[in-house]
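Asker: Next comes the sequence, and after it the predicted model I'd like to discuss.
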Amino acid sequence: MDVLSLIGLILAFLAIVGGNFLEGGHLSALLNGPAALIVLGGTLGAVLLQTPIAVFRRALVMLRWIIFPPKIDLVSGISRVIGWSQTARKEGLLGLEPVAETERDPFARKGLQLLVDGAEPDALRGILEVDVDTQEGRDMRAAKVFDAMGGYSPTIGIIGAVMGLIHVMGNLADPSQLGSGIAVAFVATIYGVAFANLLALPIGNKLKGIVHQQSRYKEMILEGLLSIAEGENPRSIELKLQGFMD
């Protein structure tokens, strides 16, 4: 669990609600159904209009990474690669076949199988780099769905504000209608800006960071497999892969 994400979410909303309270406002003043419908519905509609269904589904799957990010352990990965290199040094590349059969990581399993099959280093690099680039591109497009939400929601909030003011101007003769119209106008702007800057944009950036970490891990595994294919000794491979550590 990513505790920092939870702390950030809680702190952001407490700051908004707490600041409103200290200024003499009430929580009920920030709750407005029509404003929420305009901002959230309009933002979602705009994003769905521009996003392929497969990308949007992937974005929803990746959303859980904010609290439960995938485990990326470079130290453990280096240890595994060193173990493979030691096996290959003692038993030859064919000795990696049992390792490939029990490997859980599909990317590493594919690379190990290519080694067992006798793939040349250039072919190995070409095949696995396609996997890395394809996965990174797919996940980056999904993460940018939240960037798009962050771009649209403030503008949708302004649309909600204008709609509220139109309602106000149309009911100047009826003072009882003025309060609700002004509330929608200002609260819609708050919702649009807050949704963008407290949720959508931070989520997008967080997901892009995780995608980058995953690609870095795969690049490390790829470099280790290439070193094994070229017959480098385990100590040299370990020193090389430590360069991937932060």
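Answerer: Nice, I can see it. Computed from a prediction, not measured in an experiment: that's the story for all the values here.
Asker: Need the residue closest to the centroid of this structure.
Answerer: Leu207 (1.6 Å; CA atoms, centre = their mean).
Asker: what about it, helix or strand, and which?
Answerer: Under the criterion of DSSP states H and E, Leu207 resides in helix 201-229.
Asker: got the domain boundaries for this structure?
Answerer: Following the assignment in automatic domain parsing, the chain carries domains at 1-31, 33-244.
Asker: now these as a markdown table including mean pLDDT?
Answerer: As requested, the domains of the chain are exported to a markdown table (pLDDT from 0 to 100):
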| stretch | mean pLDDT |
| --- | --- |
| domain 1-31 | 84 |
| domain 33-244 | 91 |
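Asker: Determine which stretch of the ones you listed is the most buried.
Answerer: domain 33-244 (a mean of 17; mean count of other CB atoms under 10 Å). Bear in mind the C-beta positions are built from the backbone N, C-alpha and C, glycine included.
Asker: what's the straight distance from one end of that domain to the other?
Answerer: This stretch, domain 33-244, spans 49 Å end to end (CA to CA, to the nearest Å).
Asker: For the helix holding Leu207, enumerate the helices and strands it packs against.
Answerer: Packed against helix 201-229, as judged by 3 or more CB pairs under 8 Å, 6 or more residues apart in numbering; DSSP states H and E, are the following elements: helix 74-91, helix 106-116, helix 121-170, helix 234-241.
Asker: tilt between that helix and helix 106-116?
Answerer: Put simply, helix 201-229 runs at 20 degrees to helix 106-116, going by axes from the mean of the first three to the mean of the last three CA atoms, to 10 degrees.
Asker: Distance from the chain centre to helix 201-229, please.
Answerer: Counting by CA atoms, centre = their mean, to the nearest Å, helix 201-229 is centred 13 Å from the centre of its parent chain.
Asker: what does stretch 34-54 rub up against?
Answerer: Contact partners of stretch 34-54, identified using CB atoms under 8 Å, 6 or more residues apart in numbering, comprise 56, 59, 145, 148-149, 152-153, 156-157, 159-160, 163-164, 183-184, 187-188, 190-192, 195.
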